[in-house]
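Chemist: Pasting a predicted model and its sequence here:
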Amino acid sequence: MPQPDDGPGVIPTFDLRRDGYATVDWAANYLENARKYPVMAQVKPGDIAASLPERMPETGEPFSTVLADMDRVILPGITHWQHPRFFSYFATTSSEPAILAELLAATLNQVALVWRASPASTELEQVTMSWLADLLGLGEGWHGHIEDTASTSTLAALVTARHRTGHSAVVFSEHAHSSVEKDVRILGMEARKVATDPEFRMLTSAVAEQLERGDVAAVVSTAGTTSAASFDPTPEIGELCRARGVWLHVDAAYAGSAWACPEFRGSQAGVELADSLVVNPHKWLLVPSDCSALFTRHPGAFREAFTIVPEYLRTDDEPPSLADYGPALGRRFRSLKLWAAMRCFGRGGIQEFIRRGVRLAHDFAGWVEADPRWELVHVSLSLVCFRFNGTDEENLAIVERVNRSGDIFITHTRLADRIVLRLAIGYLHTTAEDVAFAWSTLNGR
Ligand code: PLP
């Protein structure tokens, strides 16, 4: 058998068992020891590129060299999203069952172009989407499929909204995620950004004014904004959309996962009026990136907007392909990792994981509120927005100090024209001690 290193012009073969066991050991060691790394990568731009050869090797190398370079070259340039003290952006989490399912998905390498190209991928995706709708308490009548990211899910929803309404204006709030504006730009649609109230919620009156103009394709209502996890008034906006025949897309990319717990479903009000809804299991549902669930009440409208079947993919009497609901034709087996996470954690495990994150965030918010040197600006689900009682510059300096220390990693945002710090909890193995440690670090202790 040819081996890597045998020379140019040879196709090497590999020992998946030996390399695979070593790789799983590497992954397990990494996750067990993630705490020992500085959370935010401490390299300078260009450092990682400079430590790599300019050209690929002429002759194949054994996989062990790749694994060795994970430690030597790659880890120094890793910001550790799977570190228990990663509190930035929306902290996302992988999980052991879903990591292994990714390996299986890559092994099977399914490309679900049409049903016959991968009956299992097509059907498991439909079943997991129906399990997810049930887990989140969405009720009946939703069709779900998986896109890579919320950016793509919203893009698909806006394409469908334009196709259905014949209009091209899209209304969303100044606090909607930037992906909405980017999607609008990609599609050559017209962005209409409206103001928010002091709780960072889209103003219904401003939406009503826009709808009066009679040229709106869609309103994007956010359930859990990125800066503050605030909730737009979806019930009122939904009624307005319904009365005007305007498509309502709800972006619950982060907060939708919390609906796994009945006590957090208050923020789901109005979602029953939505024409489409995005929830990202790759944020807070124990599934590694990428996995974005796009639900709709109008699967036919998506099919009308997206179906183009070239001759080579034509088949008679087969179920529709999930490629007919969005931009990508070759769709990978993303449902496998969601299925693994849902089965292995179960409803109870997922609920306890979400509840623990919310509890930890509220503990932290309590410490902020009790300390006169700090101000609690907003707390919602597992996100706390707070600031040091000082200038914007002092607050930015705190972010820089704690991130450079490597002890924790947080981000900032701007709310009501002030710099505010954000602590987002979402990683599976974050403990109460990690959150207490974050508070000490922020206080310079
Ligand atoms: N919508 C909201 C509310 C988000 O917070 C984010 C990302 O954090 C997105 C959309 C974009 O998600 P993605 O990276 O999956 O495109």
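Modeler: That came through fine. Computed from a prediction, not measured in an experiment: that's the story for all the values here.

Chemist: Now do Tyr308, the pLDDT please.
Modeler: Small correction: residue 308 is Ile, not Tyr. Looking at Ile308, its pLDDT is 81.

Chemist: Count the residues that sit near it.
Modeler: Each residue near Ile308 was counted by other Cβ atoms under 10 Å, and the total is 8. Just so you know, the C-beta spots here come from the backbone N, C-alpha and C atoms, and that holds for glycine as well.

Chemist: Kindly report the same for Thr160.
Modeler: Neighbourhood size, Thr160 [other Cβ under 10 Å]: 28.

Chemist: Run through the residues of the protein sitting next to the ligand.
Modeler: Proximity of the chain to the ligand (Cβ under 6 Å from any ligand atom) is limited to residues 90, 149-151, 177, 179, 222, 224, 226, 251, 253-254, 280, 292.

Chemist: Nearest to Ser168 among the residues you listed?
Modeler: Proximity of the residues of the chain next to the ligand to Ser168 (Cβ to Cβ) peaks at Ser179, which lies at 17.9 Å.

Chemist: Counting neighbours, what do you get for the closest one?
Modeler: Using other Cβ under 10 Å, Ser179 has 21 other residues around it.

Chemist: isn't it right next to Glu147, touching?
Modeler: No - using Cβ atoms under 8 Å, Ser179 makes no contact with Glu147, being 11.7 Å away.

Chemist: any residues in contact with both of those two?
Modeler: Common contact partners of Ser179 and Glu147 (Cβ atoms under 8 Å, 6 or more residues apart in numbering): none.

Chemist: separation between Gly139 and the ligand?
Modeler: According to Cβ to the nearest ligand atom, to the nearest Å, Gly139 stands 22 Å off from the ligand.

Chemist: wait, doesn't that residue sit right on Leu273?
Modeler: No - look at Gly139 against Leu273 with Cβ under 8 Å: they stay out of range, at 11.7 Å.

Chemist: higher neighbour count, these two?
Modeler: Between Gly139 and Leu273, Leu273 has the larger neighbour count (other Cβ under 10 Å), namely 19 against 11.

Chemist: Mind listing residues that contact the helix or strand containing Glu123?
Modeler: Assessed by DSSP states H and E, Glu123 sits inside helix 119-135. For helix 119-135, the surrounding residues in contact (Cβ under 8 Å, 6+ apart) are 110, 112, 115, 139, 142-146, 260, 279, 281, 293, 295, 319, 321-322, 331, 333-336, 338-339, 342, 347, 350.

Chemist: one more time with 6 Å, if that's ok
Modeler: Outside of helix 119-135, the residues within contact range by Cβ atoms under 6 Å, 6 or more residues apart in numbering are 110, 112, 115, 142, 144, 146, 260, 293, 322, 333, 335, 338-339, 342.

Chemist: Over to stretch 85-99?
Modeler: 39, 82, 254, 283, 286-288, 337, 340-341, 344, 408-411, 423-428, 434.

Chemist: same thing but at 7 Å, please
Modeler: 27, 39, 80-82, 254, 282-284, 286-289, 337, 340-341, 344, 407-411, 423-428, 434, 437-438 (Cβ atoms under 7 Å, 6 or more residues apart in numbering).

Chemist: Export that stretch to CSV, keeping only CA atoms.
Modeler: What follows is stretch 85-99, C-alpha atoms only, in CSV (Å, rounded to 0.1, in the frame of the first residue of the first chain):
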residue,chain,number,x,y,z
ARG,A,85,-15.1,31.6,30.4
PHE,A,86,-16.0,32.7,26.8
PHE,A,87,-18.8,35.3,27.3
SER,A,88,-18.6,37.1,24.0
TYR,A,89,-21.1,37.7,21.2
PHE,A,90,-23.7,35.0,21.7
ALA,A,91,-21.7,32.3,23.4
THR,A,92,-22.3,29.2,21.4
THR,A,93,-21.8,25.6,22.4
SER,A,94,-20.9,22.3,20.9
SER,A,95,-21.4,19.0,22.7
GLU,A,96,-19.8,15.7,22.7
PRO,A,97,-22.6,13.8,20.9
ALA,A,98,-22.9,16.5,18.2
ILE,A,99,-19.1,16.5,17.7
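
Chemist: show me the contacts for Pro57.
Modeler: Shown in contact with Pro57 (Cβ under 7 Å, 6+ apart): no residues.

Chemist: Look at it and tell me its secondary structure.
Modeler: Under DSSP: H, G, I helix; E, B strand; the rest coil, Pro57 falls in the coil class.

Chemist: got the phi/psi numbers for it?
Modeler: phi -70, psi 150 (degrees, to the nearest 10).

Chemist: can you check Gln351 too?
Modeler: Main-chain torsions, Gln351, degrees, to the nearest 10: phi -60, psi -40.

Chemist: ok, it to the ligand distance?
Modeler: Counting by Cβ to the nearest ligand atom, the gap from Gln351 to the ligand is 22 Å.

Chemist: Can you tell me the number of residues neighbouring Ala206?
Modeler: Ala206, neighbours per other Cβ under 10 Å, totals 17.

Chemist: Show me the helices in the stretch 201-350 of the chain, by range?
Modeler: Secondary structure of the stretch 201-350 of the chain (DSSP state H, counting those that start in this stretch): helices located at 204-212, 234-244, 281-284, 299-306, 335-370.

Chemist: of these, which approaches Glu54 most closely?
Modeler: helix 281-284 (33.5 Å).

Chemist: Output the closest one as PDB, nothing but the C-alphas.
Modeler: Coordinates of each C-alpha in helix 281-284 appear next as PDB, following Å, rounded to 0.1, in the frame of the first residue of the first chain:
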ATOM      1  CA  PRO A 281     -29.400  25.400  17.100                       C
ATOM      2  CA  HIS A 282     -25.800  26.200  16.600                       C
ATOM      3  CA  LYS A 283     -26.000  29.000  19.100                       C
ATOM      4  CA  TRP A 284     -27.700  27.600  22.200                       C
END
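
Chemist: and the residues of the chain next to the ligand, which of them are in strands?
Modeler: The strands, defined by DSSP state E, take in 222, 251, 292 from the residues of the chain next to the ligand.

Chemist: Pull the contacting residues for the second one.
Modeler: This means Asp251. Listed by Cβ under 7 Å, 6+ apart, the contact set of Asp251 reads 150, 154, 176-177, 180, 220, 222-223, 278.

Chemist: now those as CSV including neighbour count and pLDDT?
Modeler: Below are the contacts of Asp251 laid out as CSV (neighbours: other Cβ atoms under 10 Å; pLDDT from 0 to 100):
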residue, neighbour count, pLDDT
Ala150, 26, 97
Thr154, 29, 98
Ala176, 24, 96
His177, 21, 96
Val180, 26, 98
Val220, 29, 98
Thr222, 28, 97
Ala223, 27, 97
Val278, 28, 98
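
Chemist: Is Cys291 in contact with Leu338, as I believe?
Modeler: Yes - in this structure, Cys291 is within contact of Leu338 by Cβ atoms under 7 Å, at 5.8 Å.
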